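J.: sequence-free structure coming up:
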């Protein structure tokens, strides 16, 4: 009991340092467990969400425009299904609708998904308002896809108007597995700003389509092996209904599902590195601070040894102190971890409104973190004890001239200025191991901070670069998508050009294609435009708008390993007849490179349109609103044009991705706050312990008449130098981490994007403020202690 | 010959005391108990005096040193050092006083481990803001450590470190040297060398006040003030007259 009382007094005597070390352990443990928990939660929640809505195992999608009579698709597969299997037909119809509110114009394209109101496969999980009942079948009642509703802050119910004028009521908002992440049919993700999905009864969808009782989609839930079942279903459709052009895919192949689960692995690696860095920084800092704290009572070990106290008995007290600090840290850590968990949970649920979010406390993660979090201070206490106990008592007692070492101070002989200028830097080098450990702890926090901030900034800069490119010289440019390839002199195209709200307009073609060089190849979205148009044309970073070649993105050229003048193979459609196309390969010279960060963006001059056999045709228009008009005017006016499927600002993709990033930033912010907190705590404790260690130096200076302000200034310079070292290490580490993340993670998840690394001036300033100024100011917290320093007593430590 | 350059010392009338304590008492309150460290002490120290304050542990000699050095303030009484009334000075004035008037030499040296011998001495020059006079190297050479200038403290012996501490105090150019048990951590040989060095400073015109419990050291003093329980119990030349340093032994 005496030992406990004694150690408790040790803790109380340095309660601020003890509390800070415990907090450092807590932040490290809490962040480590909290961040790693998110991927565990995501895994559990994805699995349970897909199970909760009984996501399909196999899906049959008919070719665009193909329709089958109701019951025909089910009948085709009925022999393949056992008793428990369920197959349900759906009708999915592309639409455009107007859900504008008094505050905002919301005219978007999207899809109506018509299914049984009591569907049991791919069930719509209604999270706001009510679901559909049998009374809603055939009625103008829909459920709004929740990601879309949330993006525009729409209520649980309201009315919207489909193109053509039919008014519909939405009675709720919900999510369905194919739209957990909204991916428009032509690609991209987080498309809720421009792509709205309405869930309704199959009867209502059939009324909207106007083709009678038809369907074009089949979803199957079965206990059988999905791959085998899909193969069997595919064989049936190939033989029985080849005219439907059915595509069969397993649930695992669903793009949203793949994106979620593929991303999960990337997130796991990402979080593991971030969490690991924060944790390592915290452990290093806790180790360092505890070790320094115990080192400062080394003299007492020597005295005990001199008094003949057995070594094991001497060791027990500091070890118990270390254990008590560690215990406090772990207890704080669990508490902080729970808080971080709650914050992460809220961000995740807002970010991805899944039917099920399971966020159980991850005991395993916490136990692992807590074990290391406990061991670090304990070992930190053990090492100085061991070092003190293996020497002679007289050596352990020494605190003065023989104990004080210059360390690596001699390396800094060159520092100019008076002694006041030299002392701070020499002090850093007196105990290089401690300095390095402290710097590494702070650097780890800064690495995380830099990695996260630069990543977001880089994404935003990349997206902005894309937006700047597609709106260069034409900031209000609007892109209009047509439902199919139409003659440029067709009434629908003329109607767009002649619209009052439309100023200058040019027709264009946008066709999916593929570029290949050697074994490397990827998809392109090939746009046929006037490469020297006054309305808008791409920027050439290399090459020129010469006809007879293709203009690729820099990122595409880099991935393909080609330069201007090289020849690439482009697989593209060529019109063979009025409604028939075939895929052909053309050898095209790369005539130019443009700076759009998306590698799939490629251009062909309209003089080369014969390559596609589509002279005089268009499926897109690029236009500027007429003077006095804006995007909303164009959207409203073209809403009645049946050929128009989308009306978007040319730079809208940037807004959508920026909005997505803002949500993602929520998760990063928690880690950022943790990093900053950790950094400040480490800096504070380091300054505090250093203050104890330098007490005699300070007392000597005070005895010689050095003013307290000057002593504090020296401590600040010392701390600032530490901050500079840590910030530089952290910045380099963060940049390295980012490169790793891009190479190992982002380039696999989204290879289409050429990320521009950005160290913005704001970030440099923020880093300087946080990494240098915050660390530099840490000693100021010791002002009171300096004022109260008992100079005579401190100077008269006898040996 | 060591350097002394203090206008206050030169300008002062020959017999003006450099240090003057009038009825100085110092009491500490520890809970309900009042501890008297010094009681009604009167003391006058003239320029060039080598004064030893002698007394057992707890006699108040270090408290006296701290009072003269403005590290502590008396509960009552008046202290003047080099014409400065430090009992009525502001804290800011006391800092300036320590920079320009007194210099300390400690038992455990307290030189800065991160600075070389020469830089430690240079600290004395920097802290006093002195721009003229001998360089740090000159002062170091005057204490016999010219060849150790580039060494860090841990590369020096205890005696050498104390010489560096003395050189640092001398480098300030201040007229009063206050030494608290300066030989306490040194062997006899080294201790004698240090005393020789301190003695020489008094010869040069400085006041050197050495606090010690070692009666043998008091034999080489111009004057010995003996304290007991916070009171001056004797004040005068050493019994048997001033001894030569070579006569010391302990």
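T.: Thanks, I have it. Predicted model only: the values in this text are computed from it and were never measured.
J.: going along the chain, name the strands of chain B.
T.: Secondary structure of chain B, counting by DSSP state E: strands at B:19-30, B:33-45, B:50-54, B:76-81, B:84-85, B:102-105, B:176-180, B:207-212, B:223-228, B:231-236.
J.: mean neighbour count and mean pLDDT added to those, as JSON lines?
T.: (Glycine included, C-beta is placed from N, CA and C.) Formatted as JSON lines, these follow (neighbours: other Cβ atoms under 10 Å in any protein chain shown; pLDDT from 0 to 100):
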{"stretch": "strand B:19-30", "mean neighbour count": "17", "mean pLDDT": "93"}
{"stretch": "strand B:33-45", "mean neighbour count": "17", "mean pLDDT": "93"}
{"stretch": "strand B:50-54", "mean neighbour count": "24", "mean pLDDT": "94"}
{"stretch": "strand B:76-81", "mean neighbour count": "19", "mean pLDDT": "95"}
{"stretch": "strand B:84-85", "mean neighbour count": "16", "mean pLDDT": "92"}
{"stretch": "strand B:102-105", "mean neighbour count": "28", "mean pLDDT": "92"}
{"stretch": "strand B:176-180", "mean neighbour count": "25", "mean pLDDT": "93"}
{"stretch": "strand B:207-212", "mean neighbour count": "27", "mean pLDDT": "93"}
{"stretch": "strand B:223-228", "mean neighbour count": "20", "mean pLDDT": "94"}
{"stretch": "strand B:231-236", "mean neighbour count": "14", "mean pLDDT": "94"}
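J.: so who does the residue nearest in space to the middle of chain B touch?
T.: Centre of chain B computed as the mean C-alpha position; nearest residue by Cα atoms, centre = their mean is residue B:178, 1.2 Å away. Taking Cβ atoms under 8 Å, 6 or more residues apart in numbering or on different chains, we find residue B:178 in contact with B:65, B:68, B:69, B:102, B:103, B:104, B:105, B:209, B:211.
J.: so in the chain, where's the weakest helix or strand by average pLDDT?
T.: Since you didn't name a chain, this refers to chain A. Every helix and strand of chain A was ranked by mean pLDDT, DSSP states H and E. The lowest is helix A:747-749, at a mean of 65.
J.: the intended chain is chain B.
T.: Result, chain B / mean pLDDT, DSSP H and E: helix B:7-11, a mean of 41.
J.: okay, now the unreliable bits of the chain?
T.: Picked chain A for this. Along chain A, the parts satisfying pLDDT under 70 run over A:1-3, A:186-190, A:397-407, A:409, A:412, A:578-580, A:653-665, A:667, A:742-750, A:797-799.
J.: my question was about chain B
T.: Applying pLDDT under 70 to chain B flags the ranges B:1-15.
J.: sorry, back to before: mind checking how far the residue nearest to the centre of chain B is from residue B:212?
T.: 12 Å (Cβ to Cβ, to the nearest Å).
J.: please apply the same query to residue A:480.
T.: Distance, residue A:480 to residue B:212, using Cβ to Cβ: 99 Å.
J.: check residue A:769 too.
T.: 53 Å.
J.: how about stretch B:127-139, does it get close to chain A?
T.: Yes: using Cβ under 8 Å from any Cβ of the partner chain, a contact is recorded between stretch B:127-139 and chain A, made by residue B:127.
J.: pull the residues that contact that stretch.
T.: Outside of stretch B:127-139, the residues within contact range by Cβ under 8 Å, 6+ apart are A:701, A:704-706, B:2-3, B:5, B:99-100, B:118-119, B:121-122, B:124-125, B:142, B:146, B:149, B:167, B:170-174.
J.: switch the cut-off to 6 Å
T.: With Cβ atoms under 6 Å, 6 or more residues apart in numbering or on different chains as the test, stretch B:127-139 has contacts from A:704, A:706, B:3, B:5, B:99, B:118, B:121-122, B:125, B:149, B:167, B:170-173.
J.: and what of stretch B:238-248?
T.: Here stretch B:238-248 makes contact (Cβ under 6 Å, 6+ apart) with B:192, B:196, B:216, B:218, B:219, B:220, B:221, B:224.
J.: for chain B, what lies in contact range of chain A?
T.: Contact residues (Cβ under 6 Å from any Cβ of the partner chain) of chain B with chain A: B:66, B:71, B:95, B:98-99, B:104, B:106, B:108-110, B:112-114, B:119, B:122-123, B:126-127, B:152, B:154, B:161.
J.: out of these, which end up buried?
T.: Buried members of the residues of chain B next to chain A, scored by 16 or more other Cβ atoms under 10 Å in any protein chain shown, are B:66, B:71, B:95, B:98-99, B:104, B:106, B:108-110, B:112-114, B:119, B:122-123, B:126-127, B:152, B:161.
J.: okay, and residue A:427 sits in which element?
T.: helix A:419-430 (DSSP states H and E).
J.: what residues are up against the closest residue to residue A:424 other than its chain neighbours?
T.: In space, and not counting its chain neighbours, residue A:424 is closest to residue A:718: 3.7 Å by Cβ to Cβ, 6 or more residues apart in numbering or on different chains. Contacts of residue A:718 were listed using Cβ under 6 Å, 6+ apart, and they are A:424, A:427, A:428.
J.: CSV for those residues, including distance to residue A:13 and neighbour count?
T.: CSV is the format used below for the contacts of residue A:718 (distance: Cβ to Cβ, whole Å; neighbours: other Cβ atoms under 10 Å in any protein chain shown):
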residue, distance to residue A:13, neighbour count
A:424, 27, 20
A:427, 24, 27
A:428, 27, 26
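J.: could you pull out the strands for the stretch 51-200 of chain A?
T.: For the stretch 51-200 of chain A, applying DSSP state E, counting those that start in this stretch gives strands covering A:58-61, A:68-69, A:86-98, A:107-115, A:125-129, A:141-145, A:158-162, A:167-175, A:195-201.
J.: find the closest residue to chain B in the stretch 651-799 of chain A.
T.: Nearest to chain B, among the residues of the stretch 651-799 of chain A, is residue A:705, at 3.2 Å (Cβ to the nearest Cβ).
J.: residue A:793: neighbour count?
T.: Using other Cβ atoms under 10 Å in any protein chain shown, residue A:793 has 12 other residues around it.
J.: what comes up buried for whichever strand or helix holds it?
T.: In this assignment (DSSP H and E), residue A:793 forms part of helix A:791-795. Of the residues in helix A:791-795, A:791, A:792, A:794, A:795 count as buried by neighbour count, 16+ other Cβ under 10 Å.
J.: brilliant, that's me finished.
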